[in-house]
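Participant: Okay, sequence plus prediction incoming.
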Amino acid sequence: MKPMLRDGNLNLLEKSLPSRVRPGVLVGALALMTAGLISCGGSGSGSAEVDNSQVTNPGAALETGATAKVVVIPGGGGAVDALFPDGAANYSPDGYNLGGSGATIAAYGGNLRVLDIVAVAGGVDALLSDGSVVFSPDGKNLGGGGASVQAYSGTPGVVGLTPVGDGVDVIFAAAGGVTYSPDGLNLGGGGKTVRIYAGTNNVVQIVAMETGTAVVTLFADGSAYYSPDNQNLGGGGQTVAATVDNTVKRMVKVGGGVLAQFASGNIYLSPDGMNLAGGAHTIAVPSWDASLANAPFRARDSAHGAQFLGHLWVSGGFSDPTNSDSCFATCSFFDLWSSTDADGATWNSTPSFATATAPNPRDISPVINNGVMDAPVPTDFYDAYSPIIVWNGQLTAVGATVWRSADGVSWARNNQADGVTAAPGPVPVRAGENSRTLVLGGTLFFLQPDSGEVYRSTDATASQWTDLGAIPNFVPRCGAAAFVLAGKMWIVGGGACDYSRLYNDIWSSPDGVTWSQNAQPAAWSGRMWACVATSSDGVAWLVGGYAPTDWNDAGGAVTLRYGANHADLWYSKDGSDWKQFKADAGSGLADDGRFEPRHAPTCFVSDAAPARFVVIAGKGGSDPNGGNARVSNSIRSLTLPAAASLP
């Protein structure tokens with residue numbers, strides 16, 4: 001994805017963005033974004049001692065970086081509390097200006113740090129660094145005062161809060177046990193609060209499962225227990241040991257289950273919180289392989305890919321502008337590269353096909369820059385963003401024109417009867433970074449999600465195209481992913497092209513004419529420029545993506561405040577039901593950071609045994625902050641389990 005609007009007037013990462021997002025949409029997006037970017041995996045600091053660290057609260061106007069957490073205030077009409085990594089917290093009545101300004105105020109003004117904020121019935125509980133907890137019915141005065149009341153103050157202090165149902169599990173320091181409060185009050189006992197663990201083993205972490213009141217509790221000695229009813233956390237009643245291997249080091253809650261890491265470094269995915277070390281439906285989760293050499297081509301994002309003749313092929317893409325040599329707002333590549341193997345470990349050192357003209361890359365919309373006209377778009381290569389696909393045994397690039405090759409090296413453009421004039425492709429001007437091609441049955445489809453248009457060709461050479469019109473009720477968007485699975489085409493996710501909205505909706509069609517929107521959105525948070533690849537055993541894998549997390553509103557002028565890249569990996573066997581396989585950045589698991597958060601990579605599933613998920617290039621880096629992202633040419637891969645073993 002080139003991070004700017006099509007006219008080149010706006011760079012997402014350097015300039016403000018207009019927005020038409022409204023508070024209700026914004027709050028939902030904030031909740032989804034925060035869920036996707038925080039990988040604390042439940043609660044508990046990993047320590048049995050109170051933090052006691054302090055901070056001089058800077059007030060609501062000085063927070064410029066990422067939020068650590070955004071909590072929607074129950075019954076607050078769109079109000080949220082924003083917690084920042086430095087322990088400061090702000091209250092926003094409308095979900096805007098989380099860093100300060102506008103109607104946002106400091107939610108806490110003391111000299112302690114706010115360690116956590118959790119929603120409970122009728123308000124929020126705020127955990128402070130001295131181990132005390134304050135209940136606020138409105139998200140304000142998290143240190144006390146106003147309508148807030150002390151939910152707990154004493155010894156031992158509180159070290160962790162885990163929302164369970166409408167209430168909260170409270171972990172105390174120094175083997176102080178665990179209580180459950182259904183209303184966020186009387187955390188030390190009394191009222192409606194009950195003690196659910198009174199043993200002497202320190203509780204490190206509690207992870208609440210997605211449905212009901214089931215929880216998994218990790219203890220300091222590495223043991224873990226599963227309770228289906230949030231009672232008897234250390235055993236007894238209906239509680240059972242969650243593993244026979246009592247060396248659990250960390251748990252991370254993910255969509256559809258929990259990841260558990262053991263002292264050996266091994267990680268397992270349990271869909272139900274039981275059998276954490278394997279068995280039943282639990283499976284081993286491999287680590288990302290970051291040992292592969294970078295690709296020989298220049299760093300890029302939004303390149304299209306295909307698997308052809310036992311090799312991976314990467315075509316075109318976007319480069320960070322150099323503001324020189326015809327490489328300004330829409331700086332794009334006109335080249336095609338191929339691997340020498342089936343899984344992208346080694347690559348040919350020169351492109352298999354490229355324009356013979358210079359410079360490369362160059363702008364796809366030539367304009368005058370600094371008094372000099374850009375070099376014209378090459379005519380000896382297809383559109384820089386033409387998606388490539390295998391059609392009738394040939395590698396085919398589709399855009400304003402159609403090019404075909406039997407070997408990926410020698411290419412011919414579809415021409416009209418005179419043999420000179422280019423035969424038109426499905427789009428009148430050129431393919432863009434939102435163009436997608438799919439083959440379903442005996443039909444080649446060209447999708448343009450930023451307009452909603454769908455085109456179809458059954459011609460052996462893709463010379464004849466039929467415009468099927470726009471998808472009914474589909475909101476045009478940028479950065480959507482498209483794939484074929486279970487006899488249907490699917491379009492998922494994306495966002496408004498001005499980056500003002502995010503989507504995690506799901507659309508499908510068996511024929512390109514009749515489209516249906518799923519009643520339920522995807523389990524992953526809304527995002528743009530994620531990458532999807534499907535395996536031969538019928539699994540779609542989705543990785544990464546970019547998401548604006550929150551916006552500022554200055555008198556109706558709404559601008560992006562912060563955006564972040566993702567590193568999580570999800571899978572689906574039917575296109576509708578998505579489950580998380582790998583955690584997002586910041587999980588603290590053994591391979592955290594080996595796959596850098598990124599958007600608009602090119603991804604493949606290599607079916608050469610063992611099957612591997614291969615992710616190439618994209619825009620990102622070790623820091624999820626979208627403002628620090630840069631295009632790359634790195635290659636990361638992951639061994640995939642067989643579809644039959646996936647929970």
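Facilitator: On my side now, so go ahead.

Participant: Under the pLDDT cut-off, which ranges of the stretch 101-250 of the chain? List them.
Facilitator: By pLDDT under 70, the stretch 101-250 of the chain has no low-scoring segment.

Participant: nope, the chain is what I meant
Facilitator: Scanning the chain for pLDDT under 70 picks out 1-61.

Participant: Do you have the helices of it handy? List them.
Facilitator: Applying DSSP state H to the chain gives helices spanning 23-37.

Participant: Break it down into its domains, please.
Facilitator: As given by automatic domain parsing, the domain ranges for the chain are 23-284, 303-432.

Participant: Out of the ones you listed, which is closest to Asp568?
Facilitator: Asp568 sits nearest to domain 23-284 of all the domains of the chain, at 6.8 Å, using C-beta to C-beta. Quick note: C-beta positions are derived from backbone N, CA and C, even for glycine.

Participant: count of residues packed around the residue nearest to Tyr226 when sequence neighbours are not counted?
Facilitator: Nearest residue to Tyr226, sequence neighbours excluded (C-beta to C-beta, 6 or more residues apart in numbering): Ala242, at 4.3 Å. For Ala242, the tally of surrounding residues (other C-beta atoms under 10 Å) stands at 28.

Participant: Just list the residues touching Ala242, thanks.
Facilitator: Residues counted as contacts of Ala242 (C-beta atoms under 8 Å, 6 or more residues apart in numbering) are 216, 224-226, 270, 273-276.

Participant: one more time with 10 Å, if that's ok
Facilitator: 207, 216-218, 223-227, 248, 251, 258, 260, 270, 272-277, 282 (C-beta atoms under 10 Å, 6 or more residues apart in numbering).

Participant: Next, work out how far apart it and Leu233 are.
Facilitator: 11 Å (C-beta to C-beta, to the nearest Å).

Participant: Quick check: chain neighbours aside, which residue is closest to Val285?
Facilitator: Here the residue nearest Val285, using C-beta to C-beta, 6+ apart, is Ile267, at 4.5 Å.

Participant: I should have written Ala470 there, sorry.
Facilitator: Spatially, and ignoring its direct neighbours in sequence, Ala470 is nearest to Gly452 (3.9 Å; C-beta to C-beta, 6+ apart).

Participant: quick one: the one you found and Ile471 touch, right?
Facilitator: Yes: in this structure, Gly452 is within contact of Ile471 by C-beta atoms under 10 Å, at 4.7 Å.

Participant: so what sits against both of these two?
Facilitator: By C-beta under 10 Å, 6+ apart, the residues touching both Gly452 and Ile471 are 491, 507, 515.

Participant: so what's the first one bridging to?
Facilitator: When bridges are assigned using DSSP bridges, the partners listed for Ile491 are Ala482, Trp507.

Participant: thought it was touching Phe474?
Facilitator: Yes: with contacts counted by C-beta under 10 Å, Ile491 reaches Phe474, the gap being 7.7 Å.

Participant: Which one's more surrounded, those two?
Facilitator: Ile491 (26 against 18).

Participant: Quick one: residues contacting the more buried one.
Facilitator: Each residue near Ile491 by C-beta under 10 Å, 6+ apart is listed here: 436, 438, 447, 449, 452, 454, 471, 474, 477, 480-483, 503, 505-509, 515, 517.

Participant: and with 6 Å instead?
Facilitator: Residues near Ile491 by C-beta atoms under 6 Å, 6 or more residues apart in numbering: 449, 480, 482, 507.

Participant: Relative to Arg404, which of these is nearest.
Facilitator: Within the contacts of Ile491, the smallest distance to Arg404 is 21.2 Å, found for Ala482 (C-beta to C-beta).

Participant: so what's Val475 closest to, chain neighbours aside?
Facilitator: Closest residue to Val475 apart from its sequence neighbours, by C-beta to C-beta, 6+ apart: Tyr503 at 7.3 Å.

Participant: Next up, phi/psi of that neighbour, please.
Facilitator: Note on Tyr503: backbone dihedrals following degrees, to the nearest 10 are phi -130, psi 140.

Participant: burial count for it?
Facilitator: Tyr503: 22 surrounding residues under other C-beta under 10 Å.

Participant: ok, it - contacts?
Facilitator: 477, 493-495, 526 are the contacts of Tyr503 under C-beta under 6 Å, 6+ apart.

Participant: Including neighbour count, could those go into TSV?
Facilitator: Formatted as TSV, these follow (neighbours: other C-beta atoms under 10 Å):
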residue	neighbour count
Arg477	22
Gly493	28
Gly494	28
Gly495	26
Gly526	23
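
Participant: Need those residues in TSV (columns: distance to Phe581).
Facilitator: Output for these, formatted as TSV (distance: C-beta to C-beta, whole Å):
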residue	distance to Phe581
Arg477	25
Gly493	17
Gly494	21
Gly495	23
Gly526	19
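
Participant: out of those, which one sits closest to Gly95?
Facilitator: Relative to Gly95, the closest of these is Gly526; by C-beta to C-beta it sits at 14.5 Å.

Participant: Verify the stated contact: the closest one with Arg501.
Facilitator: No: Gly526 sits out of contact with Arg501 when judged by C-beta atoms under 6 Å, with a separation of 8.0 Å.

Participant: who's more crowded, Gly452 and Ile471?
Facilitator: Neighbours were counted for Gly452 and for Ile471 using other C-beta under 10 Å; Ile471 has more, 23 against 19.

Participant: mind listing what that one touches?
Facilitator: Contact analysis of Ile471 by C-beta under 6 Å, 6+ apart lists 452, 515.

Participant: What of Val215?
Facilitator: Taking C-beta under 6 Å, 6+ apart as the criterion, Val215 is in contact with 206, 208, 227, 230.

Participant: What is the burial count for Ala173?
Facilitator: 20.

Participant: Relative to Leu127, how far out is it?
Facilitator: 12 Å.

Participant: now do Lys488
Facilitator: 46 Å.

Participant: swap in Val72?
Facilitator: Here Val72 is placed at a distance of 18 Å from Leu127 (C-beta to C-beta).

Participant: Which one's more surrounded, these two?
Facilitator: It is Leu127, of Val72 and Leu127, that has more neighbours when counted by other C-beta under 10 Å, with 32 against 19.

Participant: What's opposite the more buried one in the beta bridge?
Facilitator: Going by DSSP bridges, Leu127 is paired in beta bridges with Asp116, Val133.

Participant: Now do the contacts for it.
Facilitator: Contact partners of Leu127, counting by C-beta under 6 Å, 6+ apart, are 115-116, 133, 158, 161.

Participant: Filter these down to the buried ones, PyMOL style.
Facilitator: Buried subset of the contacts of Leu127, written as a PyMOL selection, criterion 16 or more other C-beta atoms under 10 Å:
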select buried, resi 115+116+133+158+161
